[in-house]
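J.: sequence below, structure please.
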Amino acid sequence: MFLSKNTYVQSLFWLLLSILASCLNDLVTKLLITELSSCQVCFFRFILGSLFLVPIMHHRGKSTFKTQRLSLHIFRGLFLSIGMGLYAYSLTKMTISSATVIGFTNPIFVLILARIFLKEVVAWPIWMATLCTCLGMALILRPTTYNSAALSCILATIVFASLDVINKKYVAYEPILSMLFFSNLVAACCMLPVACYYWKVPTLLELFFLSILGIGSNLILYFLLKAFQQSKVASLAPMKYTEWVLSILLGYLFFQEWPTLSAFLGAAIIVSSTCFILYYQNR
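T.: Reported below is the predicted structural model:
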């Protein structure tokens, strides 16, 4: 019993590191897009993320640079560039906490897309929880000042959910390092033409923060995989919502952002609905 508790504590530690890395990446992104375009920030995130993996992959052997599913990486890279571009744009006008809560609806869209593309059965209580989640999003996005930024955040969540469905189907066939490297590289190539159109030469300080963004994007997945190696996804899911608390604190400290009452209510509905779905799926 002691060993199982110790393992669970270790998995929580890795999960909290993943949450911290994710929130810091959002913070750095929001800071950078005040001076650079969102497309340029995403380009540097992808290209630096792939470059930082080269020494690790070289150490593992040249075989890690080979892939049997190049078309899969191209597809994932395209989706990744679209999703991150939309999410980075949404941060230009949305609070970090609101964008984070909208991201919590990812399991809802995964279920819907899995029903469409993987032919998985979705029970009626799940559909009811989905409707409640839509109500929660409506409460959060009620202020008219969000407009296109709010729509971008929702579309980004749908794109990321599509990536999760693709990963669910193909992740067993490709090494994680290979998927990270090639997807980042393809995403950087997709984002480069748009980034060039809005190009501005970054300062040394901005390059430093862009490097943190590139490293952080890889660490998020690495920490998450370490957590899931030691515990089931369902047992860790409730802790994922601590990310919203951290995003509120960072938003308040750096941008004087504070969620409205309707945002708190919407967040409560979304978190409750997704927790119910995770419980129902793993009961």
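
J.: nearest residue to Ser38 in space, please, no chain neighbours.
T.: If the residues on either side of it in the chain are set aside, Ser38 comes closest to Ala88, at 3.8 Å by CB to CB, 6 or more residues apart in numbering. C-betas here are computed from N, CA, C, even on glycine.

J.: so that neighbour is in which element?
T.: For Ala88, the host element (DSSP states H and E) is helix 70-90.

J.: output the contacting helices and strands for that helix.
T.: Applying 3 or more CB pairs under 8 Å, 6 or more residues apart in numbering; DSSP states H and E, one finds that helix 70-90 makes contact with helix 38-51, helix 148-170, helix 176-197.

J.: how far off helix 38-51 does that helix point, in degrees?
T.: 140 degrees (axes from the mean of the first three to the mean of the last three CA atoms, to 10 degrees).

J.: give me the distance between the helix or strand that helix 70-90 is followed by and the centre of its chain.
T.: Where DSSP H and E defines the elements, the next helix or strand beyond helix 70-90 is helix 96-103. Between the centre of helix 96-103 and the centre of its host chain there is 11 Å, according to CA atoms, centre = their mean, to the nearest Å.

J.: go through the following helix or strand past helix 96-103 and flag the buried ones.
T.: Following helix 96-103 in sequence order, the next helix or strand is helix 106-117 (DSSP H and E). If you call a residue buried by 16 or more other CB atoms under 10 Å, then helix 106-117 has these buried ones: Asn106, Pro107, Ile108, Phe109, Val110, Leu111, Ile112, Leu113, Ala114.

J.: hey, least reliable of the helices and strands packed on helix 70-90 by pLDDT?
T.: Mean pLDDT is lowest for helix 148-170 out of those, coming in at a mean of 80.

J.: for the buried residues of helix 106-117, which one is nearest Leu253?
T.: Proximity of the buried residues of helix 106-117 to Leu253 was ranked by CB to CB; the top entry is Asn106 with 25.7 Å.

J.: give me the distance between Tyr241 and Leu250.
T.: Between Tyr241 and Leu250 the distance is 15 Å, computed by CB to CB, to the nearest Å.

J.: correction: Leu36
T.: Using CB to CB, we find Leu36 at a distance of 20 Å from Leu250.

J.: who has more neighbours, the two?
T.: Set side by side, Leu36 and Leu250 give different neighbour counts by other CB atoms under 10 Å, the larger being at Leu36 (24 against 19).

J.: that one contacts Lys200, doesn't it?
T.: Yes. Taking CB atoms under 8 Å as the contact criterion, Leu36 and Lys200 are neighbours in contact, 5.8 Å apart.

J.: does Lys200 belong to a helix, a strand or coil?
T.: Here Lys200 is coil, with the state taken from DSSP: H, G, I helix; E, B strand; the rest coil.
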